[in-house]
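[1] The sequence and its predicted three-dimensional model are supplied below.
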Amino acid sequence: MSRLGRTINKNRPTVLTGVLVATAIAFGGGPALALTEAEIVNLKGPERQKILVAGARKEGTVVWYSAMIIDQALRPVSNAFQKKYPFIKVTYWRGNSRKILQKVLAEKRANALVADIVEGSGLAKGMLKANAVQPFSSPELAAYPKEYIHPKRLWVTSRFRYLSVAYNTKLVSKSEAPKSYEDLLNPKWKGRMAWRTGASSSGALLMITNWRTAWGDKKTEAFLKKLAKQDVTPVQASNRTVVNRVIEGEYWIAIGASAHHPIISAKKGAPVYSQIMPPVPGLNGTIMVLNGIKHPYAAMLLVDFVLSEEGQNVLRQANYLPAHPKVAPRPEMKIIVPRLVGMEENFITPAILFENRKQTRAMFNKYFK
């Protein structure tokens, strides 16, 4: 019997490709020719788009959880996708990476998974450890460098994020603003700085991971010992909230802010700006397909859209930093992209973030808790 003809039972082929798959979907094939979830999310070939669209029409909806800000990016991306595919309703939920992971795992434990895809920075390793995601394929992957894609295609980079120092321009002039990490040790900043605590992919913990991986533990400990004397205020809130408090003048400087937030606010007239410092910590937001999902056809159309030039341009317009090599950041954002300003970058992959989490937290607790 040929490989194509092998079956698990008398009616169900284990492999459906090419013309057979196209016939099964496009011409109303019965249960014997139905595709498995894994086959759907890994479809390839010239009939792929037709198959996905036909399946998505029947599903009618897709659900994704993302760490992107709703009004700024999540809603515009969803609206643009729905304009392209008006027969698919997009339902989204926004939370930080930790909350997304908790929500997905809780749904899985209850055997009541709602989400189809997830997206965020600092999210990938937890999802992989929990075996919550599956390999997927998209024609859009051909445009992305291999380092932007998990070796087994369990995640693909959807956007980038860099961390910086944010400062209030009414309280700190551009000339006196810190330009290096050593500048943060100046006594005049004592009691006037803050950073986010709690999340490993933001604020204090990410900055410590950045220093540890770039400098080594010995130099990092020596630096943290001095920084601890500066009475940096820990803030249990989002990066955006910390920047807002700098704008309000509650703090003069925020360490480890998402570098694009001050730029966006400054463009709207807020007294805040962003200063990146070498090595600049860089993270990739990643998009993943959960296993056991209800809407695999629509999910893959949404994955394709987010990774496409069209979808990445929506993120660009939303002042996010696109991952697609052909989509450049907005002009005002170029000053926070290390490679565009000739500054050293420390790219912290999901694996590096996960592998360093315990040592980094221990070092934070030693000097700041």
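    In hand now; what should we look at? Just so it is clear, the model here is predicted, and its values are computed rather than measured.
[2] going forward, measure contacts and count neighbours with C-alpha atoms only.
    Will do.
[3] May I have the beta-bridge partners of the residue lying closest to Thr349 once chain neighbours are set aside?
    Leaving aside its chain neighbours, Thr349 sits nearest to Leu283 (6.4 Å; criterion: C-alpha to C-alpha, 6 or more residues apart in numbering). Beta-bridge pairing for Leu283 (DSSP bridges): Arg161.
[4] quick one, what contacts Leu283?
    121-122, 160-162, 347-350 (C-alpha atoms under 8 Å, 6 or more residues apart in numbering).
[5] for those residues, which one is nearest Glu182?
    Tyr162 (19.0 Å; C-alpha to C-alpha).
[6] need the contact list for that closest one.
    Tyr162 touches 258-260, 280-283, 336-337, counting by C-alpha under 8 Å, 6+ apart.
[7] one step back: farthest-separated two in the contacts of Leu283?
    Tyr162 and Pro350 (14.1 Å).
[8] State the number of residues packed around Leu301.
    Per other C-alpha atoms under 10 Å, the neighbour tally for Leu301 reads 20.
[9] wouldn't it be in contact with Ala54 here?
    No: between Leu301 and Ala54 there is no contact under C-alpha atoms under 8 Å: 11.0 Å.
[10] Phi, psi for Asn210 please.
    Backbone torsions for Asn210, taken as degrees, to the nearest 10, come to phi -60, psi -50.
[11] Run through the residues that contact Val232.
    190-195.
[12] Mark which of those are buried, thanks.
    190, 192-195 (16 or more other C-alpha atoms under 10 Å).
[13] quick check, nearest of these to Ala115?
    Trp195 (31.4 Å).
[14] pLDDT score assigned to the closest one?
    For Trp195, the model assigns a pLDDT of 96.
[15] Is it in a helix, a strand, or coil?
    strand (DSSP: H, G, I helix; E, B strand; the rest coil).
[16] start at 58 instead
    Yes, from this point I'll number from 58; that puts the last item at Trp252.
[17] Okay, now the unreliable bits of the chain?
    Residue ranges of the chain with pLDDT under 70: 58-90.
[18] can you do 80?
    The model of the chain has pLDDT under 80 over residues 58-90, 256-259.
[19] what about the residue nearest the centre of the chain, which helix or strand?
    Geometric centre of the chain, nearest residue: Gly342, 1.9 Å, by C-alpha atoms, centre = their mean. Using DSSP states H and E, Gly342 falls within strand 337-347.
[20] Kindly report the same for Thr214.
    Counting by DSSP H and E, Thr214 is found in strand 213-225.
[21] Pull out the C-alpha coordinates of that strand and format them as CSV.
    C-alpha atoms of strand 213-225 as CSV (Å, rounded to 0.1, in the frame of the first residue of the first chain):
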residue,chain,number,x,y,z
VAL,A,213,7.5,33.3,15.6
THR,A,214,8.6,36.8,16.4
SER,A,215,5.7,39.2,16.0
ARG,A,216,7.3,42.5,17.2
PHE,A,217,10.3,43.8,19.1
ARG,A,218,10.6,45.8,22.3
TYR,A,219,13.6,47.6,23.8
LEU,A,220,14.1,48.9,27.3
SER,A,221,15.4,52.3,28.2
VAL,A,222,15.5,55.0,30.8
ALA,A,223,12.5,57.3,30.7
TYR,A,224,12.9,60.8,32.2
ASN,A,225,10.6,63.8,32.9
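[22] my read: Met184 touches Ser178, true?
    No: with contact defined as C-alpha under 8 Å, Met184 does not reach Ser178; the gap is 11.5 Å.
[23] neighbour-wise, which of the two wins?
    Between Met184 and Ser178, Ser178 has the larger neighbour count (other C-alpha under 10 Å), namely 26 against 23.
[24] Give me the distance between that one and Gly339.
    Distance, Ser178 to Gly339, by C-alpha to C-alpha, to the nearest Å: 10 Å.
[25] Over to Asn243?
    When Asn243 is compared with Gly339 (using C-alpha to C-alpha), they lie 25 Å apart.
[26] the more surrounded of these two?
    When Asn243 and Gly339 are compared for neighbours, Gly339 comes out ahead with 20 against 12, by other C-alpha under 10 Å.
[27] show me the contacts for that one.
    Gly339 neighbours (C-alpha under 8 Å, 6+ apart): 217-220, 402-405.
[28] what's the angle between the strand holding Gly342 and strand 213-225?
    140 degrees (axes from the mean of the first three to the mean of the last three C-alpha atoms, to 10 degrees).
[29] how about the strands of the stretch 108-257 of the chain, start to end?
    118-123, 146-151, 174-177, 190-191, 213-225, 250-253 (DSSP state E, counting those that start in this stretch).
[30] For those strands, could you give me CSV that also reports distance to Val98?
    As requested, those are arranged in CSV below (distance: least, C-alpha to C-alpha, whole Å):
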stretch, distance to Val98
strand 118-123, 14
strand 146-151, 18
strand 174-177, 11
strand 190-191, 9
strand 213-225, 14
strand 250-253, 37
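[31] what's the closest of those strands to Arg373?
    Proximity to Arg373, assessed across the strands of the stretch 108-257 of the chain by C-alpha to C-alpha, is greatest for strand 213-225 (9.5 Å).
[32] And that closest one, how far out from the chain middle?
    11 Å (C-alpha atoms, centre = their mean, to the nearest Å).
[33] and Lys276, how many neighbours?
    Residues near Lys276, counting by other C-alpha under 10 Å, number 12.
[34] All the strands of the stretch 308-426 of the chain, residue numbers only.
    Secondary structure of the stretch 308-426 of the chain by DSSP E, counting those that start in this stretch: the strands cover 310-315, 329-332, 337-347, 378-379, 402-404.
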